[in-house]
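>>> curious how this folds, go ahead:
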Amino acid sequence: DIKEGAFAFCPELTSVKIPSSIKNIEDGAFYGCPALKDFISGIPAEKLFGINESIFGYTDKSVCTLYVPKGSKAAYAECDGWKEFQTIKEFEETSITGIRETCGERIIYDINGRKVKNPTKGIYIINGEKVLIH
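The predicted structure is shown next:
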């Protein structure tokens, strides 16, 4: 469970990932989080309607992208509290975690630790982090 006001008034909070194991998110858990840009919800559609609908008060859902499990976009788009997100995208879980997007020139390694001069689209290691280049 995520308790009432757990992340309320976190002006620096930009990204949240909720695992599928979460069964309840209480009132105002993400109240007043103006910098929130990515909200990744692993909550499957069949568990969604038990989640409190007033968890995002004063969080700008017009600039925050909601990522939902593949096949559940329609359910989120109909559910109070979630349907206010203007951008809802589906994702498919993989065993790779901790990936972020990047651009610019850096020393880049492939996932086997070999230096890469001209990377194509894919997953690489930059500064010790797994990074998706697209």
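>>> and residue 73, backbone torsions?
phi -60, psi -40 (degrees, to the nearest 10).
>>> mind jotting down where the helices sit in the chain?
Ranges of helices within the chain are 45-48, 73-78, based on DSSP state H.
>>> hey, least reliable of those by pLDDT?
Among the helices of the chain, helix 45-48 carries the lowest mean pLDDT, a mean of 84.
>>> so which elements touch it?
The helices and strands touching helix 45-48, judged by 3 or more CB pairs under 8 Å, 6 or more residues apart in numbering; DSSP states H and E, are helix 73-78. (Each C-beta comes from the backbone N, C-alpha and C, glycine too.)
>>> pull the residues that contact the helix it packs on.
The contact list for helix 73-78, computed with CB atoms under 8 Å, 6 or more residues apart in numbering, reads 41, 45, 48-49, 66, 68, 82-83, 85, 88-90.
>>> looking at this structure, which helix or strand is least sure?
strand 100-101 (a mean of 53; mean pLDDT, DSSP states H and E).
>>> now residue 4, nearest residue through space, not along the chain?
Counting by CB to CB, 6 or more residues apart in numbering, residue 4 lies nearest to residue 26, which is 4.0 Å off, once chain neighbours are set aside.
>>> got a ChimeraX select line for the buried ones in the contacts of helix 73-78?
This is the ChimeraX syntax for the buried subset of the contacts of helix 73-78, where burial follows 16 or more other CB atoms under 10 Å:
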select :41,45,48,66,68,82,85,88
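>>> just the ones in strands from the contacts of helix 73-78, please.
Residues from the contacts of helix 73-78 lying in strands, with DSSP state E as the criterion: 41, 66, 68, 88-90.
>>> and the residue of the chain most remote from its centre, how close does it get to residue 60?
Seen from the C-alpha centroid of the chain, the residue lying at the greatest distance (CA atoms, centre = their mean) is residue 117, 30.2 Å away. Taking CB to CB, to the nearest Å as the measure, residue 117 and residue 60 are separated by 40 Å.
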